[in-house]
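**Student:** Here is a sequence with its predicted model. Questions after.
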Amino acid sequence: MLAIAVFIGGLFIKGGLVPFHGWLPDAYTSAPASVSVLLAGIVTKTTGIYTMIRIVSEIFGFNETIKSVLLLVGIVSIYVGALAALGQKI
């Protein structure tokens with residue numbers, strides 16, 4: 001379980017999910033527009049989120065603990081992202 005947690009934590013960082021999203025705003029603002037498009041579409045979504053979904057479903061298998069953690073992180077990420085888009089400090 002520790003290996004699964006560490007591996008998924010690394011994919012959370014790559015995907016920019018909320019407790020691990022500290023690098024993402026600086027990367028978007030300092031990169032040129034064409035690079036930001038690739039960063040948003042390819043780096044965070046494809047290599048982070050898609051890889052996590054495939055690895056968790058194909059290799060580790062979905063159990064209730066993993067489902068709960070992924071659901072909680074997803075809900076918090078959506079909430080924090082919506083508030084950040086509105087300009088709210090969290």
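**Tutor:** Happy to help now that I have it.
**Student:** longest helix anywhere in the protein?
**Tutor:** helix 64-85 (DSSP state H).
**Student:** in it, what's buried?
**Tutor:** Along helix 64-85, the positions that meet the burial threshold by neighbour count (16 or more other C-beta atoms under 10 Å) are 66, 70, 73, 77, 80. Bear in mind the C-beta positions are built from the backbone N, C-alpha and C, glycine included.
**Student:** Pull the most distant pair out of those.
**Tutor:** 66 and 80 (21.2 Å; C-beta to C-beta).
**Student:** what helix or strand does the closest residue to residue 60 other than its chain neighbours sit in?
**Tutor:** Nearest residue to residue 60, sequence neighbours excluded (C-beta to C-beta, 6 or more residues apart in numbering): residue 4, at 5.4 Å. Secondary-structure assignment from DSSP states H and E places residue 4 in helix 2-15.
**Student:** now the angle between helix 64-85 and that helix, please.
**Tutor:** 20 degrees (axes from the mean of the first three to the mean of the last three C-alpha atoms, to 10 degrees).
**Student:** buried set for helix 2-15?
**Tutor:** Within helix 2-15, the residues that qualify as buried by neighbour count (16+ other C-beta under 10 Å) are 4, 8, 11-15.
**Student:** where does the protein dip in pLDDT?
**Tutor:** Within the chain, the set of residues satisfying pLDDT under 70 comprises 90.
**Student:** distance from the centroid: which residue in it tops it?
**Tutor:** Among the C-alpha atoms of the chain, the one most distant from their mean position (C-alpha atoms, centre = their mean) is that of residue 32, at 21.7 Å.
**Student:** so what's that residue up against?
**Tutor:** The contact partners of residue 32, taken as C-beta atoms under 8 Å, 6 or more residues apart in numbering, number zero.
**Student:** how far away is it from residue 38?
**Tutor:** 10 Å (C-beta to C-beta, to the nearest Å).
**Student:** what do you get for residue 54?
**Tutor:** Taken as C-beta to C-beta, the spacing of residue 54 relative to residue 38 amounts to 21 Å.
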